[in-house]
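[1] return atomic coordinates for the entry below.
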Amino acid sequence: QVQLVESGGGLVQAGGSLRLSCAASGRTFSGYAMGWFRQAPGKEREFVARIRWSGGGTYYGDFVKGRFTISRDYAKNMMYLQLNSLKPEDTAVYYCAATNAMWATSRPDYEYWGQGTQVTVSS
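    Numbers count the residues shown, from 1 in each chain. I've put the predicted structure just below:
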């Protein structure tokens, strides 16, 4: 059974940083891409970043503008999202997801999802 478990969320002041982690298990993710999405209250879930499990292929949502960095540790089956220069509008639940569509940036293309971790940025 595939499991994606996020951690690392919390409350941070504007301008601060957080590192989100996603622990992946239950299958081999070779040939998969891993992504981060976020959903703020009353808004649709939006694409944040994507990386190929084999490495490379990083891609970010337009709003990221160099503030976030996605990475993965192949040996540990972990994926990360470093959040820097956080803004109150970054407040959302952040989700880890996996897809066998290597270039996917849309929610429907992602097959597996975690439960999410809350990020709250105070002004």
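
[2] switch to C-alpha atoms for all contacts and neighbour counts from now on
    Fine.

[3] what strand or helix carries the most centrally placed residue in the chain?
    Closest to where the C-alpha atoms of the chain average out (C-alpha atoms, centre = their mean) is residue 36, at 2.2 Å. Per DSSP states H and E: residue 36 is located in strand 33-39.

[4] hey, C-alpha coordinates of the helix or strand just after that strand in PDB?
    Toward the C-terminus, strand 33-39 is succeeded by strand 46-52 as the next helix or strand (DSSP H and E). Presented in PDB, the C-alpha positions along strand 46-52 are these (Å, rounded to 0.1, in the frame of the first residue of the first chain):
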ATOM      1  CA  GLU A  46      -2.700  24.500  -6.600                       C
ATOM      2  CA  PHE A  47       0.500  23.100  -8.000                       C
ATOM      3  CA  VAL A  48       3.700  24.200  -6.100                       C
ATOM      4  CA  ALA A  49       6.600  22.100  -7.400                       C
ATOM      5  CA  ARG A  50       7.500  18.800  -9.100                       C
ATOM      6  CA  ILE A  51      10.600  16.600  -9.300                       C
ATOM      7  CA  ARG A  52      11.400  13.300 -11.000                       C
END
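
[5] compute the inter-axis angle for strand 46-52 and strand 33-39.
    160 degrees (axes from the mean of the first three to the mean of the last three C-alpha atoms, to 10 degrees).

[6] who does strand 46-52 touch, helix- and strand-wise?
    In terms of contacts (3 or more C-alpha pairs under 8 Å, 6 or more residues apart in numbering; DSSP states H and E), strand 46-52 is packed against strand 33-39, strand 59-60, strand 68-73.

[7] of those, which is nearest residue 13?
    strand 68-73 (16.0 Å; C-alpha to C-alpha).
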